[in-house]
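Trainee: give me a 3D structure for the following:
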Amino acid sequence: METDETVLKRWGRVVDVVESGVLYMEDAERLILHQVKLPDSPDKRAQAEALLMDLVSDKIIYYSVSGVDNLGRLQSRVWVDEVEVNKLMIDKGFG
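Mentor: So this is what the prediction gives:
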């Protein structure tokens, strides 16, 4: 297992946020936020998706990959500037 100091951070522009929080990147990669789970309730899910879109849509993000799910999406920790998106989403109750 790699430590945070040895994990290579990638970067790219998010072009869309769809399918319950999947980030579509300009280079066609698909990311999901590691340890973040969007709620099952439609109202709360919409709130979580809106927050995520506000944070990352059409922005350059930095991300580190911790794995790949069974759909080929990269399980990632994501930063916009100095904000760790995963931590913010978890702190808002979406963990």
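Trainee: for residue 67, grab the count of nearby residues.
Mentor: 10 (other CB atoms under 10 Å). Any C-beta I mention is one placed from the backbone N, CA and C, and that applies to glycine too.
Trainee: kindly state the beta-bridge partners for it.
Mentor: According to DSSP bridges, the partner residues bridging residue 67 are residue 75.
Trainee: ok, it touching residue 75?
Mentor: Yes: with contacts counted by CB atoms under 8 Å, residue 67 reaches residue 75, the gap being 4.4 Å.
Trainee: any shared contact partners between those two?
Mentor: Residues within reach of residue 67 and of residue 75 at once, by CB atoms under 8 Å, 6 or more residues apart in numbering, are residue 34.
Trainee: ok, and the closest non-adjacent residue to the most centrally placed residue in the chain?
Mentor: For the chain, the residue sitting closest to the mean C-alpha position, by CA atoms, centre = their mean, is residue 33 at 3.5 Å. Distance criterion CB to CB, 6 or more residues apart in numbering; nearest residue to residue 33, sequence neighbours excluded, is residue 86 at 5.1 Å.
Trainee: got the contact list for the one you found?
Mentor: The contact partners of residue 86, by CB under 8 Å, 6+ apart, come to 33, 34, 35, 36, 77, 78.
Trainee: now the residues you listed: which count as buried?
Mentor: 33, 34, 36, 77, 78 (16 or more other CB atoms under 10 Å).
Trainee: among the residues you listed, which are in strands?
Mentor: Counting by DSSP state E, those place 33, 77, 78 in strands.
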